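K.L.:
Okay, sequence plus prediction incoming.
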Amino acid sequence: QVQLVESGGGLVQPGGSLNLSCAASGNIVSIDRMGWYRQAPGKQRELVARISSGGSTNYADSVKGRFTISRDNAKNTVYLQMSSLKPEDTAVYYCNADGVQRPWFPGRYGYWGQGTQVTVSS
């Protein structure tokens, strides 16, 4: 089985910074893409940022210039550095691993973490 464990959420004041990390564990050969999504109360889950195994990134327009995604392929870990946080960034942030190749299993799979709460408030 593959598990994604997120850490780093919490309460921060507007304009502050917060760093999230997510480690994938289990029998994993490779992971094509890792990313962060978020879901605010009453809203749909949306993409925040995503990074490929080769380092290509894409970001939601709302976070460009404020958030930075990175990953350590050897550790199957993805990071999200968030700065200049705004109240509208408040949401549960979910880690996603897509295109996961597992030994002895054909095909590729997707997995989600359980989510970590980020609250931006004074």
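P.N.:
Received, thanks.

K.L.:
For Val12, see how far away the residue in the chain sticking out farthest from the centre is.
P.N.:
Distance from the C-alpha centroid of the chain peaks at Trp104, with 26.7 Å (Cα atoms, centre = their mean). Between Trp104 and Val12 the computed distance is 43 Å (Cβ to Cβ, to the nearest Å). For glycine as for every other residue, the C-beta is placed from the backbone atoms N, C-alpha and C.

K.L.:
I'd like the distance between the spatially most central residue of the chain and Val78.
P.N.:
Per Cα atoms, centre = their mean, the C-alpha nearest to the average position across the chain is that of Trp36, at 2.6 Å. Going from Trp36 to Val78 by Cβ to Cβ gives 7 Å.

K.L.:
who touches both of these two?
P.N.:
Both Trp36 and Val78 are contacted by 22, 69, 95, under the criterion Cβ atoms under 8 Å, 6 or more residues apart in numbering.

K.L.:
List buried residues within those.
P.N.:
Neighbour counting by 16 or more other Cβ atoms under 10 Å classes 22, 69, 95 among the shared contacts of Trp36 and Val78 as buried.

K.L.:
In strands, which of these appear?
P.N.:
Per DSSP state E, strands hold the following members of the buried ones among the shared contacts of Trp36 and Val78: 22, 69, 95.

K.L.:
and which of those is nearest Leu85?
P.N.:
Ile69 (15.3 Å; Cβ to Cβ).

K.L.:
Identify the residues contacting the closest one.
P.N.:
35-36, 49-51, 57, 59, 78-81.

K.L.:
doesn't Ser62 fall inside a helix?
P.N.:
Yes: Ser62 forms part of a helix when assessed by DSSP: H, G, I helix; E, B strand; the rest coil.

K.L.:
and the nearest residue to it once chain neighbours are set aside, what pLDDT?
P.N.:
Nearest residue to Ser62 in three dimensions, chain neighbours excluded: Glu88, at 7.6 Å (Cβ to Cβ, 6 or more residues apart in numbering). pLDDT, Glu88: 97.

K.L.:
Alright, calling it a day.
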